[in-house]
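>>> Fold the following, please.
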Amino acid sequence: MANSLTIVQVMGRLGIGGVESHVTRLSAGLVDRGHTVLLVVQDPDDHGDDARALGIDLVTAALNREGLVRAIETLRPLDVHIVHAHNYRPARFGAPLAYGLNVPYLMSVHGPRAMWKRALFVDWSDRVLTASEADRNNIRGAFGVRGKRIEVGFYGVDTERYRPGLGSSALRDEWGVPVDVPLVLNVSRFTHRKARPALMLIEALPEIRKAVPGTLAVFVGAGERLERIVAAAERLNASLGERVAIVAGPRTDIPAVMNAADVVVATATTASESLATSSPTIAFGRTGYFGIVTPDSYEAARAVCFADHGRLPKTTTSGFAADVIRLLSDLPAARQAAGAVRQIIAAKYTVDHMIDHIEGVYRSVIGAA
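Residues are numbered from 1 along each chain as shown. The predicted structure follows:
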């Protein structure tokens with residue numbers, strides 16, 4: 001194919017997290033456009049076959065000096081055009097890899113980093129791609145990079161996969177949630193600060209149920225804090241004498257899961273995917289509380305990656321409960337507003353839009369080299 005590129009993506013690992021999913025979607029989309037993508041990972045584990053099935057070539061290399069030498073030897077005969085590293089540790093590998101291959105280098109930043117850690121980091125690319133405006137602000141200035149070098153991007157949403165109208169009755173049956181019972185869903189990777197929304201939702205459920213009787217909550221995800229969430233749910237269920245908090249654990253059928261909910265509590269890419277299913281969504285994540293995402297507030301929510309980047313205020317249990325109650329109390333209006341947000345995503349923030357942008361950045365960086 002004319003003007004096709006050979007692109008090396010460097011990432012620490014494969015998996016189901018937001019960054020991993022973003023890189024996989026980006027790589028698969030580039031392959032569909034006729035480019036060759038080589039994904040450098042430490043361990044392809046169970047997700048390696050999924051990546052290969054999408055046409056992505058995997059290069060397994062430890063992100064250390066020995067792995068660097070082997071990666072250069074493997075990639076040098078392949079006429080690579082650019083190396084794109086995703087986040088700080090892969091960038092420490094990606095920068096010397098690009099130097100060793102004598103090709104341009106691009107770094108993407110995915111999430112905030114403490115200033116003292118940035119002060120120790122030297123492997124910035126000449127242009128740096130960020131996932132949000134909040135990420136841009138985090139790296140700009142002291143111990144970071146000058147603003148003119150920063151290109152702000154976004155996480156594209158697969159609006160064909162994440163869409164309204166998917167059947168979800170079987171899921172509700174599995175969870176024991178009747179179709180006419182209000183359901184609040186929290187989908188997350190339950191790690192450190194990302195577990196806070198789940199724990200607060202459990203705490204808020206009695207107050208929510210007083211205003212909207214019968215409301216149940218389901219928690220979908222995995223992570224080192226999952227056991228803590230299970231314990232909190234069990235305590236609440238025991239205190240109320242019924243099963244109102246249901247921990248479903250990790251799942252891969254997330255589009256159907258989101259369609260089963262009346263309200264979704266999520267952050268980062270999960271929140272944008274929820275909105276693409278036209279599900280009323282509250283953005284609540286590791287950097288604070290954003291609240292209900294509406295057509296008017298969507299851009300502000302996206303700029304902080306739906307409470308995953310930037311600095312946001314905290315909320316109280318009662319304040320959080322009030323937002324959930326507000327949505328549940330008028331679901332037709334809430335769903336209409338979420339549907340309008342889906343239209344914004346479809347017009348500007350799909351995976352294809354994201355690939356258009358990043359492919360343009362690649363060509364610009366290569367052209368400037």
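
>>> could you pull out the helices for the stretch 1-150 of the chain?
For the stretch 1-150 of the chain, the helices defined by DSSP state H, counting those that start in this stretch cover 18-32, 48-53, 65-75, 88-101, 115-119, 133-139.

>>> Mean pLDDT for those helices - can I get that in CSV?
Below are the helices of the stretch 1-150 of the chain laid out as CSV (pLDDT from 0 to 100):
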stretch, mean pLDDT
helix 18-32, 89
helix 48-53, 77
helix 65-75, 95
helix 88-101, 96
helix 115-119, 81
helix 133-139, 93
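
>>> Between the ones you listed, which one is closest to residue 214.
For these, distance to residue 214 was read as CB to CB. The smallest value, 32.4 Å, belongs to helix 18-32. Using the backbone N, CA and C atoms, a C-beta is placed for each residue, glycine as well.

>>> what about residue 221, neighbour count?
25 (other CB atoms under 10 Å).

>>> List the contacts of it.
186, 187, 188, 189, 190, 198, 249, 250 (CB atoms under 8 Å, 6 or more residues apart in numbering).

>>> what do you get for residue 41?
Residue 41 touches 11, 12, 13, 14, 48, 58, 59, 60, 61, counting by CB under 8 Å, 6+ apart.

>>> That one and residue 48, how far apart?
Distance of residue 41 to residue 48, given as CB to CB, to the nearest Å: 8 Å.

>>> any residues in contact with both of the two?
Common neighbours of residue 41 and residue 48 (CB under 8 Å, 6+ apart) are 14, 58.

>>> if we can go back for a sec, narrow the contacts of residue 221 to those that are buried.
186, 187, 188, 189, 190, 198 (16 or more other CB atoms under 10 Å).

>>> and the residues you listed, which of them are in strands?
Using DSSP state E, the subset of the buried ones among the contacts of residue 221 located in strands is 186, 187, 188, 189.

>>> I'd like the residues you listed as a markdown table, with pLDDT appended.
Below are these laid out as a markdown table (pLDDT from 0 to 100):
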| residue | pLDDT |
| --- | --- |
| 186 | 98 |
| 187 | 95 |
| 188 | 92 |
| 189 | 88 |
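
>>> how about those in a markdown table, adding distance to residue 337?
Shown next, in a markdown table, are these (distance: CB to CB, whole Å):
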| residue | distance to residue 337 |
| --- | --- |
| 186 | 20 |
| 187 | 20 |
| 188 | 22 |
| 189 | 27 |
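
>>> ok, those vs residue 242, which is closest?
Looking across those and measuring by CB to CB, the closest to residue 242 is residue 186, at 19.1 Å.

>>> What sits closest to that closest one if chain neighbours are left out?
residue 265 (4.5 Å; CB to CB, 6 or more residues apart in numbering).

>>> so that neighbour is in which element?
strand 263-266 (DSSP states H and E).

>>> Quick one: name whatever helix or strand follows that strand.
Sequence-wise, the next helix or strand downstream of strand 263-266 (DSSP H and E) is helix 268-276.

>>> elements contacting the very next helix or strand once past that next one?
Next along the chain after helix 268-276, taking DSSP H and E as the criterion, comes strand 281-285. When contacts are defined as 3 or more CB pairs under 8 Å, 6 or more residues apart in numbering; DSSP states H and E, strand 281-285 packs onto helix 196-211, strand 263-266, helix 268-276, strand 288-292, helix 317-329.

>>> send the alpha carbons of the third one over as CSV?
As requested, the backbone C-alpha atoms of helix 268-276 are provided in CSV (Å, rounded to 0.1, in the frame of the first residue of the first chain):
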residue,chain,number,x,y,z
ALA,A,268,-11.6,7.0,32.0
THR,A,269,-12.4,5.0,28.8
THR,A,270,-15.0,3.0,30.7
ALA,A,271,-17.1,6.2,31.2
SER,A,272,-16.9,7.2,27.6
GLU,A,273,-17.9,3.7,26.5
SER,A,274,-20.8,3.8,28.9
LEU,A,275,-22.0,7.0,27.4
ALA,A,276,-21.7,5.5,23.9
